[in-house]
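Asker: Give me coordinates for this.
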Amino acid sequence: MSDAALSSPQPREGWRARHLAALIGANVALALGPWSVRLADCGPISAGFWRLLLPLPLLFGLAAANRQKLTGLPIRTVLALTVAGLAFAADLASWHMGIGLTRLGNATVFGNAGSFIVMIWGIAVLRRWPHRAETLAIAAAVAGAAILLGRSIEIGASTLTGDLFCLLAGLFYAVYIIILQDARARLGNWALLAWASLLGLPLLLIAAQLHAEPFWPTRWWPLIALALGSQVIGQGLLVFSLRNFSPLVVGVSMLTQPAIAILIGHYVFAETLGPWDALGMALVAAALVLARAGDKPAAVAPEIV
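Answerer: Sure, this is the predicted structure:
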């Protein structure tokens, strides 16, 4: 799933074509994640387990190579990482369950709702009324969610259930972002992602067993693609490009994710898409863009996962 930097640093002067290509590539890699989940022949929660487990050596290696702190962490940081890892795991379990029960476009839009939730949290912490961009974001998100959920009810109860799972995933991911606010100032991106992934594994393992779903895959390539695409390539390209663009540009780039998911759903899984679906997705995506456009420097800069 993807959250652009809600308070990324000011863009550097003279960004180059490779930075823009990396930003777009990150969103493409992240948008392909739901496709890999559907192609996996293990259960959806099990897919989340393998998504976290397979890239762990590489993530810890990247953290070490970038001299990011991995040991000797304060107790407060360890507790924050533990809670964040559990929230991260719950996010993946909910999102992967939802991916199989709704359309890919819906899953991508709702799964990215975490950044919007963090914006609302930031307003509450600052104890002020939302300014114009934030008000427009709230209105667009409510209208878009109402349209998409209404369409899901028309299509069937299973689609609505999938949307709700994806919305729940967005909530868990917001918790993950907020909990790591202090730790983010002391640890690097790769170290945070590596520890959160490791600490989330037990919950996903237990949940997969309780769900009584297939755990061991017979074909590994969808899970390898999921692990490398969502956890390594998407994150790596985003880290490379993020500081070169404003939050608004990053938010606009995220519009590629629902578009790609919609195309995959239509051409690969024969999912229909009507005008109301497009309008609902556009409104929710616009809310994400507005949330970033109206962001304040004190907000949290989340990972892309």
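
Asker: how about the nearest residue to residue 68 once chain neighbours are set aside, phi and psi?
Answerer: Spatial nearest neighbour of residue 68, chain neighbours left out: residue 188 (3.2 Å); criterion: Cβ to Cβ, 6 or more residues apart in numbering. Where you see a C-beta, it was placed from the backbone N, CA and C, and this is true even at glycine. Backbone torsions of residue 188, given as degrees, to the nearest 10, read phi -80, psi 170.

Asker: From residue 113, how far out is residue 188?
Answerer: In this structure, residue 188 and residue 113 are 26 Å apart, going by Cβ to Cβ, to the nearest Å.

Asker: swap in residue 168?
Answerer: 10 Å.

Asker: Tell me which of these two has more neighbours.
Answerer: In terms of neighbours (other Cβ atoms under 10 Å), residue 113 is the more surrounded of residue 168 and residue 113; the figures are 25 against 20.

Asker: Enumerate every residue touching the more buried one.
Answerer: 141, 166-167, 170-171, 174, 284, 288 (Cβ atoms under 8 Å, 6 or more residues apart in numbering).

Asker: Quick one: these as JSON lines, columns for distance to residue 270, neighbour count and pLDDT too.
Answerer: Output for the contacts of residue 113, formatted as JSON lines (distance: Cβ to Cβ, whole Å; neighbours: other Cβ atoms under 10 Å; pLDDT from 0 to 100):
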{"residue": "141", "distance to residue 270": "29", "neighbour count": "24", "pLDDT": "73"}
{"residue": "166", "distance to residue 270": "20", "neighbour count": "27", "pLDDT": "89"}
{"residue": "167", "distance to residue 270": "25", "neighbour count": "21", "pLDDT": "87"}
{"residue": "170", "distance to residue 270": "26", "neighbour count": "24", "pLDDT": "84"}
{"residue": "171", "distance to residue 270": "30", "neighbour count": "16", "pLDDT": "88"}
{"residue": "174", "distance to residue 270": "33", "neighbour count": "24", "pLDDT": "82"}
{"residue": "284", "distance to residue 270": "23", "neighbour count": "26", "pLDDT": "72"}
{"residue": "288", "distance to residue 270": "27", "neighbour count": "29", "pLDDT": "65"}
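
Asker: Return the member of those residues nearest to residue 83.
Answerer: residue 174 (12.9 Å; Cβ to Cβ).

Asker: Once you drop chain neighbours, what's closest to the closest one?
Answerer: Of all residues beyond its chain neighbours, the one nearest residue 174 is residue 117 (3.8 Å), with distances taken as Cβ to Cβ, 6+ apart.
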